[in-house]
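Undergrad: coordinates only, sequence not included:
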């Protein structure tokens, strides 16, 4: 009988203590965190090998049953942004800079005059929920072809108007990045329209990114600048995205 | 207690993978509950209904008479689950901190640990499957015709807590282990993959098979409950059938059988 009891007690102790023992993994500089986070390279490599340039599933009009649920920032409070929004974004310019042969500064009208793509896709939040909506925008590939990234360019970084948090050093502005495989994917668009209307402010007006084979946090809203870079060293904490700097995967295909 | 000969019942690959699975499933469960806590409701369909209701389970909190109460809704029926679900230790959280890794809310950390062990589970399951196909262990898990004929008797014996200790698994063991290894775990892996927007591009048909991403997420959760049910029965059977002999068997491979093993 003694062994049964100690077995039960041992099991219960493991179950109760297990949760606190691994709290150190939350610290992104800990060895434990780095060990667990090593799944990301494996996941990315495996998924890239499996999917190549295949498309994310697209849906029918009838599958749009509700508005697109906004998350994160819903109304950026920077003065420059508020002023542009008040003017219907006529003063808005999308800047394309960094490792490109032809830096660009495009107005919304100029972006809308480029070929467009409309897709009904499912937005998956890292939290676990999904929402289907129709997105209209310019393929990022079209804009990149105008800017002509140099051979050194490896990533497209999206700089945004919105700040999710204020730190002691000031506002922490949202930014994201994708590699050129996703940047040139046909479903990767700079969306200015949603469900048949201009992109609402809560969903990232005037321009947001859609990267349909990754999670929602990759799809930066309120984008004002696209910067082509060869590394993340000079950005934020150096992990390539606002949420990657906070322990989330940079490659968010899962 | 059995007092017959010792037989070599579990091979090294089976024993090692068994314990790797036990550890992996422990982490997958507790980090899975952590991930669930980030959006504690389950839906049926392609998406999560916000402007309409397609939820079958929601764990939340609500203020009742100036006090925060944990409220769990299952198919529209409401239960006060304060202390366990919805509100625990004064915190508003779906599953309590004792049941999540990390103990505090950290979706990012829960995710990396979950996917790390998901890879280990997939890798060791594959390894075990190949090894077991080669060494004949797979066949030992599939009930034979004679097994199925013995099913009523085996059920009756188990119900009377009369356990036979033989060199081979009995039919209920075979059915239980085969269900976990060939049904529950593959279902867990496939529904998990169906939640990945990257993997959806590789196999959109899988998404259709499960009835959409949110249904896949719900099946993932329900299969977890089924695995927990298996775990409870598994533990009970070990304790009832003789924990020392059972533990020796899964640690060293050697198992003490009955003097007159009924199917030896």
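TA: That came through fine. Just so we're clear, the structure is a prediction, and the values are computed from it rather than from any experiment.
Undergrad: only C-alpha atoms for contact and neighbour calcs from this point on.
TA: Fine.
Undergrad: Give me the below-cutoff pLDDT ranges for chain B.
TA: Applying pLDDT under 70 to chain B flags residues B:260-264.
Undergrad: At which residues are the helices of it located?
TA: B:12-37, B:107-135, B:137-141, B:145-149, B:151-159, B:171-178, B:185-194, B:197-202, B:204-210, B:213-241, B:243-252 (DSSP state H).
Undergrad: cool, chain A as well?
TA: Applying DSSP H to chain A gives helices spanning A:2-21, A:31-37, A:39-51, A:79-86, A:108-113, A:140-147, A:180-183.
Undergrad: Quick one: check the third one for contact with chain B.
TA: Yes - in this structure, helix A:39-51 sits against chain B according to C-alpha under 8 Å from any C-alpha of the partner chain; the contacting residues are A:39, A:40, A:47, A:50, A:51.
Undergrad: Only the buried residues of that helix, if you could.
TA: Across helix A:39-51, burial judged by 16 or more other C-alpha atoms under 10 Å in any protein chain shown covers A:39, A:40, A:43, A:44, A:47, A:48, A:51.
Undergrad: which bits of the stretch 51-200 of chain B sit near chain A?
TA: Of all the residues in the stretch 51-200 of chain B, those lying near chain A are B:51-52, B:97-104, B:106-109, B:112-113, B:115-116, B:119, B:193, B:195-200, going by C-alpha under 8 Å from any C-alpha.
Undergrad: repeat that for 10 Å
TA: Within reach of chain A by C-alpha under 10 Å from any C-alpha of the partner chain, the stretch 51-200 of chain B has these residues: B:51-52, B:97-120, B:192-200.
Undergrad: Show me which of the residues you listed are buried.
TA: For these, a burial check counting by 16+ other C-alpha under 10 Å picks out B:97-120, B:192-200.
Undergrad: Give me the pLDDT for residue A:168.
TA: The model reports residue A:168 with a pLDDT of 75.
Undergrad: what residues are up against residue 186?
TA: Chain wasn't specified; assuming chain A. The contact partners of residue A:186, by C-alpha atoms under 10 Å, 6 or more residues apart in numbering or on different chains, come to A:53, A:54, A:55, A:117, A:138, A:139, A:140, A:141, A:142, A:211, A:212.
Undergrad: think we crossed wires, I meant chain B
TA: Residue B:186 is in contact with B:122, B:125, B:179, B:180, B:192, counting by C-alpha under 10 Å, 6+ apart.
Undergrad: Distance-wise, check the last one relative to residue A:225.
TA: Distance of residue B:192 to residue A:225, given as C-alpha to C-alpha, to the nearest Å: 35 Å.
Undergrad: Turn the contacts of residue A:186 into CSV, columns for neighbour count and pLDDT.
TA: What follows is the contacts of residue A:186, written out as CSV (neighbours: other C-alpha atoms under 10 Å in any protein chain shown; pLDDT from 0 to 100):
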residue, neighbour count, pLDDT
A:53, 16, 93
A:54, 17, 97
A:55, 18, 98
A:117, 16, 98
A:138, 25, 98
A:139, 25, 98
A:140, 22, 98
A:141, 20, 98
A:142, 18, 98
A:211, 26, 98
A:212, 28, 98
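Undergrad: For chain B, tell me which of these show up nearby.
TA: A:53, A:54, A:55, A:211, A:212.
Undergrad: Mind checking which of those residues are in strands?
TA: Nothing among the ones next to chain B among the contacts of residue A:186 maps onto strands, per DSSP state E.
Undergrad: What segments of chain A are strands?
TA: Here chain A has its strands, by DSSP E, at A:94-98, A:104-106, A:117-124, A:130-139, A:155-167, A:170-179, A:189-194, A:197-198, A:208-210, A:223-229.
Undergrad: how about CSV for those, with distance to residue A:74 added?
TA: Listed next are these as CSV, based on distance: least, C-alpha to C-alpha, whole Å:
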stretch, distance to residue A:74
strand A:94-98, 20
strand A:104-106, 24
strand A:117-124, 16
strand A:130-139, 16
strand A:155-167, 9
strand A:170-179, 12
strand A:189-194, 15
strand A:197-198, 15
strand A:208-210, 12
strand A:223-229, 13
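Undergrad: Near chain B, which residues of the stretch 151-254 of chain A are found?
TA: Near chain B, when you scan the stretch 151-254 of chain A using C-alpha under 10 Å from any C-alpha, you find A:211-216, A:243-244, A:246-249, A:251-254.
Undergrad: 7 Å instead?
TA: By C-alpha under 7 Å from any C-alpha of the partner chain, the residues of the stretch 151-254 of chain A that approach chain B are A:213, A:214, A:215, A:247, A:248, A:253, A:254.
Undergrad: For the last one, give me its contacts.
TA: Looking back up the chat, that one is residue A:254. By C-alpha atoms under 7 Å, 6 or more residues apart in numbering or on different chains, the contact set of residue A:254 is B:196, B:197, B:198.
Undergrad: Now do the domain split for chain B, please.
TA: B:6-38+B:104-256, B:41-94 (automatic domain parsing).
Undergrad: measure the residue nearest to residue B:206 when sequence neighbours are not counted to residue A:232 for me?
TA: Distances taken as C-alpha to C-alpha, 6 or more residues apart in numbering or on different chains place residue B:194 nearest to residue B:206, at 6.7 Å, with adjacent residues excluded. Distance of residue B:194 to residue A:232, given as C-alpha to C-alpha: 31 Å.
Undergrad: Equivalent analysis for residue A:177, please.
TA: 9 Å.
Undergrad: Now do the shared contacts for the two.
TA: Shared contacts of residue A:177 and residue A:232 (C-alpha under 7 Å, 6+ apart): residue A:240.
Undergrad: roughly how far is stretch B:143-150 from the heart of the chain?
TA: 25 Å (C-alpha atoms, centre = their mean, to the nearest Å).
Undergrad: what's in contact with it?
TA: For stretch B:143-150, using C-alpha under 7 Å, 6+ apart, the contacting residues are B:171, B:174, B:175.
Undergrad: which one of those sits closest to chain A?
TA: Using C-alpha to the nearest C-alpha, residue B:174 is the member of the contacts of stretch B:143-150 that sits closest to chain A, with 24.4 Å.
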